[in-house]
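> Using only what follows, build the 3D model:
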Amino acid sequence: MKRFLPVGLLLLPIVFSMIPFVFASWHEIVQSGDIALLEMATRSVPEGVFTGAYSRFGFHHPGPMYSIIRYPLYLLTGGRAQSFYIVTVLIVGLSLWGALAIVREAETYITVVIFAAVFSFFAFSLSKSIWLSQWNPFIIIFPLILSVVGMASYSSGTVRYLPLTVVSASFAAQTHLGVLPLAGLMFLYSAVLVFHRREFRNRYVVISVVLAFVIWIPVLVDQIFSNGSGNLSLIYSTLREYPASGFTRVSLASWFSAAAPMEMAVLGQWCRGQSHSMVFFQAVIAAVRTVLLVISVFVAAFRSRHSFETRLCLLVLALIVVSLISVFSVRGDIYWYLTMWISVVSPLSWFSILLVFSNSVVSKNNRVVAAAATAVLVVFTLLNVRAVSSADFSDDPLHYHDMETEYLSGKLMDEDILDSIHQIQISIDSNELWPQMMGLTCYLKKQGYQVAVQQDYVFMLNTSNPVLTHSAEVFLYQDSAGTGYFINENW
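Residues are numbered from 1 along each chain as shown. Model (predicted):
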């Protein structure tokens with residue numbers, strides 16, 4: 001019973017977050033913007049469209065794994081968007097469960113409790129609109145944590161979790177381009193270890209290779225049969241044609257801000273009342289934390305260079321370096337949500353530091369430390385349960401146009417012309433209306449209409465616009481009264 005207590009407490013908020021969606025009325029949900037694009041990408045899976053998660057900037061992320069995972073439940077529920085929330089909760093829960101299982105095998109009970117407490121606090125510091133979000137910059141956070149912990153386990157000599165590491169790292173890399181360098185580094189490191197240890201016939205290594213092949217073959221198929229316009233080609237073209245942000249104050253500030261969610265949850269209010277800028281305090285926090293991590297590496301390596309704690313500390317240091325390079329390589333403006341995956345640096349760093357400290361100073365049977373860590377875990381478990389106990393996601397940055405899009409779609413479906421027209425062109429008078437346009441496009445496609453959008457936004461539908469011969473144009477406009485539309489029947 002005792003050994004399962006940290007697991008149960010850590011996963012309890014995730015179980016509670018499922019309840020509102022399982023027992024709620026599964027009515028049709030109209031979504032806008034990026035979420036509508038993600039739903040259209042999921043709907044394209046049976047068509048063999050092997051593209052990555054969509055971005056509002058006009059290029060694809062590396063692969064379709066996220067859409068493929070979402071599709072079965074979406075199909076079983078009759079195309080209900082609520083299924084996406086359940087898949088999101090499952091991804092978060094299974095990632096945490098897997099990481100906790102790895103730590104439990106590698107370390108002591110006290111370490112498991114510390115891990116659960118740290119990551120329970122981490123979830124609280126993010127808010128549920130981020131850690132329970134289906135958006136691709138956010139959904140990769142916990143699979144990425146699983147990848148780093150799993151890689152530390154494998155590099156320390158435990159092979160059985162390598163398949164899980166391959167799956168989670170592949171998922172993160174295919175779903176968000178920024179993680180691709182880190183995943184590539186981990187795959188390369190794994191290959192070096194396999195050759196060095198001569199584990200070619202190990203069944204877990206064989207399973208991992210097969211899984212990697214199955215997961216990445218759609219990406220290769222897309223690239224080979226797309227005549228040079230596949231995801232990989234689009235990514236390469238973007239990196240080649242547009243200048244990187246480089247080593248600037250803005251890019252550094254973005255990294256500091258993304259890498260300190262836990263510290264800001266504790267010190268944020270105090271920092272705002274000081275004369276220095278918030279970025280200054282975030283930079284100091286990052287510097288102190290990194291110094292402690294480096295010290296932890298030397299302490300852990302003094303005991304054993306091949307231990308789980310040593311390899312985890314080294315991997316977290318590598319994560320810091322690669323994430324900085326990733327931020328410096330961003331094309332265009334650096335928005336906060338693009339770097340949110342870097343938030344994993346904070347809990348992984350503190351867990352690594354506390355792991356080395358507990359193994360160095362604390363007795364393995366120290367009940368006081370275990371009780372203190374359990375108390376922290378219980379507190380943040382209760383806070384997270386309270387936060388997720390309702391299905392209210394009104395603070396989610398992705399749903400700011402959903403109500404407006406739902407109103408427009410309902411009004412549009414009452415138009416008599418839609419009884420005789422099955423082909424629709426949607427146009428807008430300004431770029432600010434693209435979230436509503438994509439929401440209407442997704443909704444009308446689900447109703448069986450053939451829909452195209454104005455030429456500037458063809459890339460967002462993943463395929464070229466259909467040729468419309470007998471169609472109507474729905475033109476969206478915005479004025480002082482809000483967003484409206486008119487229908488051009490002779491378009």
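> So which residues of the stretch 301-450 of the chain form strands?
Along the stretch 301-450 of the chain, counting by DSSP state E, counting those that start in this stretch, strands occupy 423-428, 450-453.
> Tell me which of those strands lies nearest to Val179.
Proximity to Val179 (CB to CB) singles out strand 450-453 among those, at 29.1 Å. All C-beta atoms are positioned from the backbone trio N, CA, C, and that covers glycine.
> tell me how far the helix or strand that the closest one is followed by is from the chain's mean position?
Per DSSP states H and E, the first helix or strand lying C-terminal to strand 450-453 is strand 472-479. Taking the mean of its C-alpha atoms, strand 472-479 sits 33 Å from the chain's own mean (CA atoms, centre = their mean, to the nearest Å).
> Same question for whichever helix or strand comes after strand 472-479: list its buried residues.
Downstream of strand 472-479, the next assigned helix or strand under DSSP H and E is strand 482-488. Using 16 or more other CB atoms under 10 Å as the test for burial, strand 482-488 gives Thr483, Tyr485.
> and if you look at stretch 151-159?
By neighbour count on 16+ other CB under 10 Å, the buried set for stretch 151-159 is Met151, Ala152, Ser153, Tyr154, Ser155, Ser156, Thr158, Val159.
> which one of those residues is nearest Gly8?
For these, the minimum distance to Gly8 (CB to CB) is 22.1 Å, reached by Ser153.
> show me where the stretch 251-400 of the chain has helices.
For the stretch 251-400 of the chain, the helices defined by DSSP state H, counting those that start in this stretch cover 261-272, 278-303, 308-328, 345-360, 367-388.
> got those helices as TSV, with mean neighbour count columns?
TSV is the format used below for the helices of the stretch 251-400 of the chain (neighbours: other CB atoms under 10 Å):
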stretch	mean neighbour count
helix 261-272	16
helix 278-303	17
helix 308-328	21
helix 345-360	22
helix 367-388	17
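> wait, what's in contact with His176?
Ala53, His61, Asn136, Pro137, Ile140, Trp341 (CB atoms under 8 Å, 6 or more residues apart in numbering).
> The same query, at a cut-off of 7 Å, please.
His61, Asn136, Pro137, Ile140, Trp341 (CB atoms under 7 Å, 6 or more residues apart in numbering).
> ok, so what distance separates Ala173 from Ser226?
Distance check for Ala173 against Ser226: by CB to CB, to the nearest Å, it reads 19 Å.
> who has more neighbours, these two?
The residue with more neighbours, out of Ala173 and Ser226, is Ala173; 30 against 15, by other CB atoms under 10 Å.
> any idea how far that one is from Val369?
Look at Ala173 and Val369: by CB to CB, they are 37 Å apart.
> Now for Leu164, how many residues are close by?
When neighbours are defined as other CB under 10 Å, Leu164 has 24 of them.
> Check what pLDDT it gets.
Looking at Leu164, its pLDDT reads 95.
> Partner strands of the helix or strand of the chain with the lowest mean pLDDT and their direction?
Here the helix or strand of the chain ranked lowest by mean pLDDT, DSSP states H and E is strand 450-453, holding a mean of 75. Here strand 450-453 is paired, per DSSP bridges, with strand 423-428 (parallel).
> Could you break this protein into its assigned domains?
By the assignment in automatic domain parsing, the chain contains the domains 2-30+61-388, 402-488.
> hmm, back to that, I'd like the strands of the stretch 301-450 of the chain laid out as a markdown table, including mean neighbour count.
As requested, the strands of the stretch 301-450 of the chain are exported to a markdown table (neighbours: other CB under 10 Å):
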| stretch | mean neighbour count |
| --- | --- |
| strand 423-428 | 21 |
| strand 450-453 | 20 |
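> Closest to Asp414 out of the buried residues of stretch 151-159?
Compare each of the buried residues of stretch 151-159 with Asp414 using CB to CB and the shortest gap goes to Met151, at 54.8 Å.
> tell me what the helix or strand that contains that closest one is packed against?
If you go by DSSP H and E, Met151 is part of helix 141-155. In terms of contacts (3 or more CB pairs under 7 Å, 6 or more residues apart in numbering; DSSP states H and E), helix 141-155 is packed against helix 82-106, helix 162-175, helix 180-197, helix 308-328.
> Please repeat the previous calculation with a cut-off of 6 Å.
Counting contacts by 3 or more CB pairs under 6 Å, 6 or more residues apart in numbering; DSSP states H and E, helix 141-155 packs against helix 82-106, helix 162-175, helix 308-328.
> which outside residues touch it?
Residues from elsewhere that reach helix 141-155, judged by CB atoms under 6 Å, 6 or more residues apart in numbering: 92, 95-96, 98-99, 102, 106, 161-162, 164-165, 168-169, 171-172, 186, 308, 311-312, 315, 341, 344, 348.
> Kindly export it (C-alpha atoms) in PDB.
Output of helix 141-155 as PDB, limited to C-alpha atoms (Å, rounded to 0.1, in the frame of the first residue of the first chain):
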ATOM      1  CA  ILE A 141       5.500  18.700 -21.700                       C
ATOM      2  CA  PHE A 142       5.000  15.500 -19.800                       C
ATOM      3  CA  PRO A 143       6.100  13.100 -22.600                       C
ATOM      4  CA  LEU A 144       9.300  15.100 -22.700                       C
ATOM      5  CA  ILE A 145       9.800  14.600 -19.000                       C
ATOM      6  CA  LEU A 146       9.200  10.900 -19.500                       C
ATOM      7  CA  SER A 147      11.800  10.900 -22.300                       C
ATOM      8  CA  VAL A 148      14.500  12.500 -20.200                       C
ATOM      9  CA  VAL A 149      13.900  10.200 -17.200                       C
ATOM     10  CA  GLY A 150      13.700   7.100 -19.500                       C
ATOM     11  CA  MET A 151      17.000   8.100 -21.200                       C
ATOM     12  CA  ALA A 152      18.700   8.500 -17.800                       C
ATOM     13  CA  SER A 153      17.500   5.000 -16.900                       C
ATOM     14  CA  TYR A 154      18.800   3.400 -20.100                       C
ATOM     15  CA  SER A 155      22.100   5.200 -20.000                       C
END
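> next one: it to chain centre, how far?
With CA atoms, centre = their mean, you get 15 Å for helix 141-155.
> what angle sits between it and helix 82-106?
30 degrees (axes from the mean of the first three to the mean of the last three CA atoms, to 10 degrees).
> what's the angle from helix 141-155 to helix 345-360?
Interaxial angle, helix 141-155 versus helix 345-360 (the same axes, to 10 degrees): 40 degrees.
> For helix 141-155, give the mean pLDDT please.
Mean predicted lDDT for helix 141-155 stands at 94.
> and what of stretch 278-294?
90.
> which other residues reach that stretch?
Residues from elsewhere that reach stretch 278-294 (CB under 6 Å, 6+ apart): Ala253, Phe256, Ser257, Ala259, Ala260, Glu263, Cys271, Ser349, Ile353.
> again, but for stretch 308-328
Here stretch 308-328 makes contact (CB under 6 Å, 6+ apart) with 106, 148, 151-152, 155-156, 178, 181-182, 246-247, 251, 254-255, 296-297, 300-301, 339, 342, 345, 348-349, 352, 355-356.
> Any idea which of the domains of the chain gets closest to Ala36?
The nearest among the domains of the chain, by CB to CB, is domain 402-488 at 4.0 Å.
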